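**Student:** just coords:
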């Protein structure tokens with residue numbers, strides 16, 4: 001099969017081994033896959049991953065022990081779990097002590113013609129969600145996770161820091177929950193999307209942090225984002241971290257102690273809720289698409305996706 005791989009450098013492989021068969025796994029032919037910030041960070045050394053990249057995808061099932069899945073259009077949750085450890089048994093399977101993670105940690109990813117996942121990870125797609133929208137299910141689910149972790153209402157002042165792919169999804173989800181939300185970013189063109197969604201936005205250069213926000217959601221994908229969040233959040237407020245960043249920059253964490261700030265890490269989220277939102281057209285993802293590129297253009301696509309003025313690049317595997 002063809003694949004986009006990373007091992008010290010990005011490479012397109014025209015003849016890569018098919019994913020190894022594991023008993024009980026489902027084989028999927030990938031139709032489209034999306035490049036996200038985590039993929040870019042892996043290419044900078046995050047997680048020490050090598051192999052096939054990619055975890056946002058849509059495809060059709062070729063073979064499965066669950067015969068009713070064959071031929072169906074699916075998306076897949078990225079955590080491959082054991083189901084037996086203490087965390088799995090306590091309902092925290094996304095933090096399974098023995099997990100591997102699609103295209104991120106010990107499991108070949110979806111920037112390829114074929115990918116394997118347990119049938120339990122798969123979600124069928126309704127006709128109302130086309131392939132372009134389906135690529136966004138995984139990051140949109142991650143956006144919905146914020147609502148599962150913190151209580152928000154119309155009295156909470158919330159800033160989404162970062163107007164990139166994930167930040168703009170989080171902003172729409174929070175807007176739909178009814179809380180006052182604004183997006184702060186560095187790219188005017190990206191912030192312009194907020195106007196069509198009736199979401200307030202400001203350039204970071206125009207902001208004077210006043211320690212007055214109840215919640216700051218850091219979606220910057222930069223180490224500096226956390227420092228900015230600490231300057232924005234009020235005493236006893238909450239910072240939600242959505243960024244995964246390669247690097248070891250030292251941070252001054254004293255403000256967390258002095259202002260008694262709550263810090264919440266936020267990762268994967270509910271796929272069913274994301275699929276439902278897309279089917280109901282309550283979240284606009286099509287406006288986030290910057291360009292489609294073929295899988296064999298994967299190296300160039302990753303370079304393009306890293307540009308600050310670019311949103312979602314989609315790889316097609318036709």
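**Tutor:** Structure received. Predicted model, so just to flag it, every value in this text is computed and none were measured.

**Student:** which residues touch stretch 9-26?
**Tutor:** With contacts defined as CB atoms under 8 Å, 6 or more residues apart in numbering, stretch 9-26 is touched by 1-5, 27, 43, 52-53, 61, 63-66, 69, 108, 112, 114-119, 122, 295-299, 302. For glycine as for every other residue, the C-beta is placed from the backbone atoms N, C-alpha and C.

**Student:** Out of the residues you listed, list just those in strands.
**Tutor:** 3-5, 27, 52, 61, 63, 114-118, 122 (DSSP state E).

**Student:** Go through those and name the one nearest residue 188.
**Tutor:** residue 4 (31.2 Å; CB to CB).

**Student:** measure stretch 132-143 end to end?
**Tutor:** Terminal residues of stretch 132-143 lie 18 Å apart, using CA to CA, to the nearest Å.

**Student:** what mean pLDDT does it have?
**Tutor:** Averaged across stretch 132-143, pLDDT comes to 98.

**Student:** what comes up buried for stretch 11-22?
**Tutor:** The neighbour-count check on stretch 11-22 (16 or more other CB atoms under 10 Å) flags 12, 16, 19 as buried.

**Student:** Look up the closest residue to the last one, ignoring the ones flanking it.
**Tutor:** Nearest residue to residue 19 in three dimensions, chain neighbours excluded: residue 116, at 4.4 Å (CB to CB, 6 or more residues apart in numbering).

**Student:** Hmm, that neighbour is touching residue 52, no?
**Tutor:** No. Using CB atoms under 8 Å, residue 116 makes no contact with residue 52, being 10.8 Å away.

**Student:** list the residues that contact both of the two?
**Tutor:** In contact with both residue 116 and residue 52: 19, 108, using CB under 8 Å, 6+ apart.

**Student:** what stretches of this protein score poorly on pLDDT?
**Tutor:** Where the chain drops to pLDDT under 70, the residues are 246-248.

**Student:** Closest to the centroid, which residue in it?
**Tutor:** residue 139 (3.4 Å; CA atoms, centre = their mean).

**Student:** Against residue 19, how distant is that residue?
**Tutor:** In this view, residue 139 and residue 19 are 23 Å apart by CB to CB, to the nearest Å.

**Student:** got it, and residue 165?
**Tutor:** 26 Å.

**Student:** Repeat that for residue 209.
**Tutor:** 46 Å.

**Student:** how far away is the residue of the chain most remote from its centre from residue 236?
**Tutor:** Distance from the C-alpha centroid of the chain, by CA atoms, centre = their mean, peaks at residue 258 (31.5 Å). Distance, residue 258 to residue 236, by CB to CB: 11 Å.

**Student:** what is in contact with those two at once?
**Tutor:** Shared contacts of residue 258 and residue 236, defined by CB under 8 Å, 6+ apart, are absent.

**Student:** so what's residue 260 closest to, chain neighbours aside?
**Tutor:** Closest residue to residue 260 apart from its sequence neighbours, by CB to CB, 6+ apart: residue 236 at 5.0 Å.

**Student:** Name the secondary structure element that contains that neighbour.
**Tutor:** strand 233-241 (DSSP states H and E).

**Student:** same for that strand, what does it pack against?
**Tutor:** strand 213-218, helix 223-232, strand 262-265 (3 or more CB pairs under 8 Å, 6 or more residues apart in numbering; DSSP states H and E).

**Student:** at 10 Å instead, please
**Tutor:** With contacts defined as 3 or more CB pairs under 10 Å, 6 or more residues apart in numbering; DSSP states H and E, the packing partners of strand 233-241 are helix 137-149, strand 158-161, strand 213-218, helix 223-232, helix 254-258, strand 262-265.

**Student:** gap between the closest residue to residue 299 other than its chain neighbours and residue 54?
**Tutor:** Nearest residue to residue 299, sequence neighbours excluded (CB to CB, 6+ apart): residue 10, at 4.9 Å. From residue 10 over to residue 54 the distance is 12 Å, taken as CB to CB.

**Student:** again with residue 250
**Tutor:** 32 Å.

**Student:** Which one of these two is surrounded by more residues?
**Tutor:** Neighbours per residue (other CB atoms under 10 Å) separate residue 250 from residue 54, with residue 54 holding more: 29 against 6.

**Student:** tell me the contacts of that one?
**Tutor:** 3-5, 30, 33-36, 38-39, 42, 78, 102-104, 108-112, 115, 295, 298, 315 (CB atoms under 10 Å, 6 or more residues apart in numbering).

**Student:** mind listing what the nearest residue to it once chain neighbours are set aside touches?
**Tutor:** Once flanking residues are discounted, residue 54 sits nearest to residue 111: 3.4 Å by CB to CB, 6+ apart. Residue 111 makes contact with 2-6, 10, 12, 30, 33-35, 39, 52-57, 103, 295, 298, 301-302, 315, 317, according to CB under 10 Å, 6+ apart.

**Student:** Noted, bye for now.
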